[in-house]
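>>> predicted model, plus sequence, below.
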Amino acid sequence: MYILGIETTGAFASAAVMRDDQVTGYIKGNDRFSHLQNLTPQIEQVIKESGIALADLDVIAVSHGPGSFTGIRIGVSTARALSQILGTPCAAVSSLEALALNAAPMDSGVLVCPMLDARRNQIYGGGYILTEEGPKEKIKAGPYMLDEFMSKTENYRRILLLGDATDRYGREIGQLRHEGVDIAAEGIRYQDAVSVARLGSRIYAEGGGVGYSQLEPDYMRLAEAERKLRRKQQEG
């Protein structure tokens with residue numbers, strides 16, 4: 001089975017093709033938030049590296065959020081278009097859960113915590129224990145204030161943090177929790193299409209895919225412009 005993984009929720013878009021559990025094509029961009037220009041050529045390249053045609057894909061896995069609102073829209077729209085054209089099912093993958101999978105293999109006693117910067121001391125975060133069956137959610141994925149999320153990790157002796165929130169809020173994290181905190185190495189710290197493809201393959205095997213019309217973004221909160229509009233409507 002060939003599966004295409006698409007990751008656009010972070011600063012650098014990436015694409016990967018896997019056959020079973022083997023990566024046959026992979027590319028990650030070098031330009032920050034240039035997903036619109038880079039994603040289609042990236043997909044073309046990984047398809048070529050894999051020695052297949054787009055029509056040979058069995059599943060299209062895409063990280064549908066949370067993360068960059070614009071990035072999510074680009075990734076989901078691209079996956080929808082390919083799915084509609086090819087008649088290929090999609091797998092909607094949580095960017096947080098896929099990011100946690102970057103840390104595998106990991107001691108089952110360590111809570112793996114992907115944290116994405118949502119600005120103003122807010123994050124998108126979740127807590128996972130990695131098992132042979134995949135990441136198991138222990139802290140519900142969602143939007144949090146930084147201190148609120150860190151307080152939920154207090155019952156765990158060791159935690160491993162991933163994601164760009166560790167870059168932005170490293171000092172604050174150190175003040176909130178003094179011991180038992182590790183920051184993932186840079187090579188696995190950020191979102192990546194290979195983990196999206198791996199998790200998408202499991203999602204498809206367990207429950208099947210969804211059609212293009214059923215693939216929806218998961219922003220986890222309203223965009224700033226939408227929040228302002230709703231506040232204005234409520235005030236009016």
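Yep, it's here.

>>> could you export the helix or strand harbouring G25 as CSV, CA atoms only?
Element membership of G25, judged by DSSP states H and E, is strand 22-28. Coordinates of the C-alpha atoms in strand 22-28 are reproduced here as CSV (Å, rounded to 0.1, in the frame of the first residue of the first chain):
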residue,chain,number,x,y,z
GLN,A,22,9.2,2.0,4.4
VAL,A,23,9.8,5.6,3.3
THR,A,24,10.1,5.6,-0.5
GLY,A,25,10.2,9.4,-1.0
TYR,A,26,10.6,12.4,1.3
ILE,A,27,11.3,16.1,1.1
LYS,A,28,11.1,19.0,3.5
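
>>> return the set of buried residues in the next helix-or-strand element following it.
Per DSSP H and E, strand 22-28 leads on to helix 35-49 as the next helix or strand towards the C-terminus. Buried residues in helix 35-49, counting neighbours by 16 or more other Cβ atoms under 10 Å, are found at H35, N38, L39, Q42, I43, V46, I47. Every C-beta, even on glycine, is put in place using the N, C-alpha and C of the backbone.

>>> what's next to helix 35-49, contact-wise?
4, 6, 8, 13-17, 24-27, 29, 31, 53-54, 57, 70-71, 74-75, 78, 82 (Cβ atoms under 8 Å, 6 or more residues apart in numbering).

>>> same question, stretch 114-121
9-10, 66-67, 95-97, 99-100, 123-126, 128, 143, 145-147, 149, 161-169, 172, 221.

>>> distance between the lengthiest helix in the chain and the chain's centre?
Identified as the longest helix of the chain according to DSSP state H is helix 69-86. Distance of helix 69-86 from its chain centroid, counting by Cα atoms, centre = their mean, to the nearest Å, is 15 Å.

>>> fine by me, we can end here.
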